[in-house]
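Okay, predicted coordinates and the sequence, questions at the end:
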Amino acid sequence: MSDFPIIAIAGLACETSTFSPARTSAAAFHPRRGEEIIEKYKFLQSGTPLGDAANWQGALIGHALPGGTVTRSAFEKLAAEILSRLADIRLASEKGIKGLWFDIHGAMCVEGMDDAEADLLRRIRGVVGSETIVSASMDLHGNVSRDLAHQIDIITCYRMAPHEDATESKERACRHLVDLLKSGPEPPKRPLKAWVKVPILLPGEQTSTRMEPAKSLYRLVPEVESCPGVLDAAIWVGYAWADEVRNHAVVMVTGWKANEVTEKAKSLAEYFWKVREDFHFVAPTGSLDECIAQALVSPDRPFFISDSGDNPTAGGSGDVTWGLARILNSPDFQETENRVIIYASIPGPKAIDIIVAAGVGAIVTVTAGAEVDNIHCGPLTLTGKVHAIKFGDNDAVVGSVLQIGSVFVILTKLRKPYHRETDFTDLNLKPRAADIVVVKIGYLEPELFDMAANWMLALTPGGVDQDICRLGHSRISRPMWPFDTQFLQEPTFSPQLIPMSNMPF
């Protein structure tokens, strides 16, 4: 593959809430290097169309579980290694690095920085050079600043929420990159990019593509992409639980015809704005008490409840005990013969040590939770029977279940999202047979959605509170829907055209 263009792979991804007291370390990114990156992405492996189209060289990628702000030391450590590895790849090649796949999420917040992804790419550009073609794949809950859009040559994002098309979107970004590198002159001509800010900032639970109006909005994307002269179209709803200037919705259309990309970007932005009042939560909502009351009277089983304010896959710390405390204090669940309720989950490293030492079947008293986020409720002391223990979990490390009355509480060494049926069955739990399953999540991931006979979204407190207007944003640009419902002047959507040129970055 020595005659094939070298395409490097680098990026850091972490969806981070600035309203959570948690901090994200370098280890949390679980960095992959070199061939480990190719092993992760099957569409880049030898024998695939993309794998055989270029000489893919992994530098470093890191994908952390969503959480609190990334420490500056963690970012600098990982960024330095990315730059070092890219420098090695460039030195080993006579023709240099022709392309870069920037594998990011887009909502990473770093201590002392306002636009971490743009800063990282600027540093990368300093190593690989301004002529390297960069293609980025992002989460639709990421943020695209004007600065980031300028530095990237072609950019795309997921078109589904939940993100069932994540792999497809990453593959699309790589295919765009290969196509550009093969398109003609050396260096390749850069496409035009039309960037439009949309003054809307909504949580993902109001913008799921399972329902309207997001379903119709995102249905327009492939229609625009199919137009002559258009390479890619993308809509970002933005990330609602961080307080930075770049947190807002964005539309981008990339292609070769200035009139086409600007007109299409404008039409998508205008439609997004037109339907802004139609965005609603993906499920019925209520306080936790209201959700439990509804679940108790409903004949539907299992009845799922999202404890949404501390959702670890949106950036919550995962150790807020507020919801569990209310459940354990409820007389409806204090007797073992009452309706079975499963709660997922609370981290408690010290509690796990006691549980492991005691073993399955033992009665133990442990304290867990609120080691990171104790704003809403303190640690809980729990006495119950050890129902199950599992070792070797990728996220939790050690998971366990403590039965307290009719409540089966999942306790973990490290925080873990519970998205799959096996997450429960591996702990000797039967979620399909339970009356109520409470999960720290927002909209239900596909397996949970398919399993739930009914469900509600509990508007609970935490670092990813669904009531975003009460979080206290102070740095986002205003006016911004829904923080502001009255605009003195209707927004005008005039796409900023970022021209094709080999301009310095």
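Yep, that arrived.

now the strands for the stretch 201-350 of the chain?
Secondary structure of the stretch 201-350 of the chain by DSSP state E, counting those that start in this stretch: the strands cover 230-236, 249-255, 285-286, 303-307, 341-347.

Throw those strands into a markdown table and include distance to residue 177 and mean pLDDT, thanks.
(C-beta placed from N, C-alpha, C; glycine too.) As requested, the strands of the stretch 201-350 of the chain are arranged in a markdown table below (distance: least, Cβ to Cβ, whole Å; pLDDT from 0 to 100):
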| stretch | distance to residue 177 | mean pLDDT |
| --- | --- | --- |
| strand 230-236 | 11 | 97 |
| strand 249-255 | 12 | 98 |
| strand 285-286 | 41 | 97 |
| strand 303-307 | 37 | 98 |
| strand 341-347 | 39 | 97 |
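
now these in JSON lines, with mean neighbour count?
Shown next, in JSON lines, are those (neighbours: other Cβ atoms under 10 Å):
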{"stretch": "strand 230-236", "mean neighbour count": "24"}
{"stretch": "strand 249-255", "mean neighbour count": "28"}
{"stretch": "strand 285-286", "mean neighbour count": "16"}
{"stretch": "strand 303-307", "mean neighbour count": "28"}
{"stretch": "strand 341-347", "mean neighbour count": "26"}
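
what would these look like in TSV with distance to residue 188?
Shown next, in TSV, are the strands of the stretch 201-350 of the chain (distance: least, Cβ to Cβ, whole Å):
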stretch	distance to residue 188
strand 230-236	12
strand 249-255	14
strand 285-286	49
strand 303-307	46
strand 341-347	48
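
out of those, nearest to residue 408?
Closest of the strands of the stretch 201-350 of the chain to residue 408 is strand 341-347, at 4.8 Å (criterion: Cβ to Cβ).

who does the closest one pair up with?
Applying DSSP bridges, strand 341-347 is found paired with strand 407-412 (parallel), strand 436-439 (parallel).

what would those strands look like in CSV with mean pLDDT?
Formatted as CSV, the strands paired with strand 341-347 follow (pLDDT from 0 to 100):
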stretch, mean pLDDT
strand 407-412, 98
strand 436-439, 98
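
Select, out of the strands of the stretch 201-350 of the chain, the one closest to residue 479.
Of all those, strand 249-255 sits nearest to residue 479, with 13.4 Å by Cβ to Cβ.

what's the spacing between the closest one and its chain's center?
On the basis of Cα atoms, centre = their mean, to the nearest Å, strand 249-255 sits 19 Å off its chain's mean C-alpha point.

Next: stretch 181-190.
On Cα atoms, centre = their mean, the centre of stretch 181-190 falls 33 Å from the chain's centre.

could you give the mean pLDDT of that stretch?
Mean per-residue pLDDT for stretch 181-190: 80.

Nearest to residue 83, out of the strands paired with strand 341-347?
Shortest distance between residue 83 and the strands paired with strand 341-347, using Cβ to Cβ, is found for strand 407-412: 34.9 Å.

Pretty sure residue 339 sits against residue 332.
Yes. Counting by Cβ atoms under 8 Å, residue 332 is a contact partner of residue 339 at 7.2 Å.
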